[in-house]
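Novice: Please find the sequence and the predicted model below.
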Amino acid sequence: MNICSIISNICSIVSSPVGTSLIGVVVGWLLGYCGTLRVEQRKREQLRKDFKEGLSTELREAQKWLSEDYGLLTEELETKNPETTTLGLKKYNLSFLQESISSFSLLESCFRVSVLSIRTKIDYLNSEIDRYNFFFEKTFDATLTSNDRLSIIANIKISYKGIAKLSFDIAEEIKKLKPQEETGD
C-alpha cells in the first residue's frame, strides 16, 4: 500500500456518515480533555495564590511578633537580673505552613528556599529558648556552688543574646521576602 491509497482511504472514511460521527467523537474528546486541563490549571493557580496568601500572612505575623517581643532583648538583659526575673520568652511555629506542607510544591523554588530557611531559623530560635529556660530553671537549684551559679548566669546571658540576634535575623529575612511575594507569583 502506498501513501496515495492510504490518503484516499482516509478521505473516503471521513466523507462517509460513520467518518463524520467519528470525527465528532474525536473532536469532542479533545475539547473535553483540553477543557479539563484548563480547569485543573486554574484550580492549581488558585490553590497557589491562596496558599501563598495564607503563608505570607503567617510570616508577617511572625515578623511582627519577633519585632515586638524581641526588639529590645539586649536592653532588657542589661536591666533585669537573670537570677530573679524571667523574661517570658515565647516559642513560635509556622502552624499554617506545618498544616499545609502538601501545598508547598505550588510555590516557586526561590520562595520555598527562603521560607524553609525562615522555618529552620525559627526552630533554632525555639531550641535556644528551651536552652534559656533550662538555665533559668537551674538558678533555683539550692545545691549549686557559686561557680556553677556564675556559669549558669553567663549561659543565660549568652543564650539571651543569641535569641535577640536570631529574632532580629529572622525578622529581617521575612522583610526581604515581602517584595518577592508581592511582585512575583
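Specialist: Good, I have the coordinates. Numbers count the residues shown, from 1 in each chain.

Novice: where does the protein dip in pLDDT?
Specialist: Screening the chain residue by residue with the criterion pLDDT under 70, one finds the ranges 1, 7-16, 18-20, 22-24, 27, 69-88, 178-185.

Novice: Identify the residue nearest the geometric centre of the protein.
Specialist: Geometric centre of the chain, nearest residue: residue 115, 4.2 Å, by CA atoms, centre = their mean.

Novice: Now do the phi/psi pair for that residue.
Specialist: Summarising the backbone geometry of residue 115 under the convention degrees, to the nearest 10, its torsions are phi -70, psi -40.

Novice: which residues does it contact?
Specialist: Contacts were defined as CB atoms under 8 Å, 6 or more residues apart in numbering; by that measure residue 115 touches 55, 59, 97, 104, 107, 177. Just so you know, the C-beta spots here come from the backbone N, C-alpha and C atoms, and that holds for glycine as well.

Novice: Assign a three-state SS to residue 141, would you?
Specialist: Going by DSSP: H, G, I helix; E, B strand; the rest coil, the secondary structure assigned to residue 141 is coil.

Novice: number of nearby residues for it?
Specialist: Other residues lying near residue 141 total 10 when counted by other CB atoms under 10 Å.

Novice: I'd like to know how far it sits from residue 152.
Specialist: Distance of residue 141 to residue 152, given as CB to CB, to the nearest Å: 8 Å.

Novice: cool, residue 136 as well?
Specialist: The span separating residue 136 from residue 152 equals 9 Å under the rule CB to CB.

Novice: repeat for residue 132
Specialist: For residue 132, the distance to residue 152 equals 11 Å [CB to CB].

Novice: same thing with residue 161?
Specialist: Distance of residue 161 to residue 152, given as CB to CB: 15 Å.

Novice: Counting neighbours, go ahead and name the busier of the two.
Specialist: A direct count of neighbours by other CB under 10 Å for residue 161 and residue 152 places residue 152 higher, at 20 against 14.

Novice: What separation do you get for the closest residue to residue 171 other than its chain neighbours and residue 33?
Specialist: Computed as CB to CB, 6 or more residues apart in numbering, the closest residue to residue 171 that is not its neighbour in sequence is residue 66, at 4.5 Å. Spatial separation of residue 66 from residue 33 under the definition CB to CB is 49 Å.
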